[in-house]
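*Asks:* Sequence below, structure please.
(one chain, ligands or ions: 1)
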Amino acid sequence: MAETRASRNLRVATVSLAGCFGCHMSLLDIDERLFSLAGRVVFDRSPLTDLKTLGECDLGLVEGGLCNAENVEVLRRFRSRCRVLVAVGACAINGGLPAQRNALDVGDLLEAVYARDQPGLAPGSRVPDDPELPLPLARVHPIHEVVRVDHFLPGCPPSADVIWAFLSALVEGRDPTPPRDLIRYD
Ligand code: SF4
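*Replies:* Residues are numbered from 1 along each chain as shown. Below is the predicted model:
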């Protein structure tokens, strides 16, 4: 895979699919080191910019796995627009916490939450079926089951240090594979 040249700004998009935003918080935990990227990194679509459309990007950072049809659509768009795609965190890499529902039937789960006699449910409550709602997938999937992934940053979340090591290497045109001692698998 050809890596980004150091000679121009890196255009970066980020997204949270079936995740908790913890990986994005870890990105922000890079703290003041982020300032050294000013002028070298431009953020495209991201919760950090609130842009809703995705342009052509050098780098796409994907937090979270795939729990519904909209996640799949967004992920495919990221793959088609981002030259380098990164699975950030356990949920993107193996489904993480949301994948704990995989042993159960999604229809049963929805019925249990919305439609069975539960304290606090209004009489006549039923499973939401508005066509605007994204269709849940039967299982939560890691992103590499749907698109090609160029790099994996494990951890729940990956530390700010490992994200920093990865990003700064890419910006400087070096091999972004993070040092082993920064990788963790929680
Ligand atoms: Fe949240 Fe951990 Fe999943 Fe990141 S890997 S989205 S921190 S649960």
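*Asks:* all contacts plus neighbour counts: C-alpha atoms, from now on.
*Replies:* OK.
*Asks:* now the closest residue to Gly22 other than its chain neighbours, what's its secondary structure?
*Replies:* Nearest residue to Gly22, sequence neighbours excluded (Cα to Cα, 6 or more residues apart in numbering): Pro157, at 6.1 Å. Classification of Pro157 by DSSP: H, G, I helix; E, B strand; the rest coil places it in coil.
*Asks:* how far away is Pro157 from Leu34?
*Replies:* 18 Å (Cα to Cα, to the nearest Å).
*Asks:* between the two, which one's more packed in?
*Replies:* Pro157 (24 against 15; other Cα atoms under 10 Å).
*Asks:* which stretches of the chain have low pLDDT?
*Replies:* 1-7 (pLDDT under 70).
*Asks:* Up against the ligand, what does it have?
*Replies:* Proximity of the chain to the ligand is confined to 19-23, 63-64, 89-91, 96-97, 156-157 under the rule Cα under 6 Å from any ligand atom.
*Asks:* if I pick the residue nearest to the spatial centre of the chain, what's in contact with it?
*Replies:* The residue lying closest to the centre of the chain (Cα atoms, centre = their mean) is Glu63, at 1.6 Å. By Cα atoms under 8 Å, 6 or more residues apart in numbering, the residues touching Glu63 are 14-19, 21, 23-24, 87-89, 91-92.
*Asks:* from those residues, which single one is nearest Ala115?
*Replies:* Distance to Ala115 across the contacts of Glu63 (Cα to Cα) is lowest for Ala18, with 23.3 Å.
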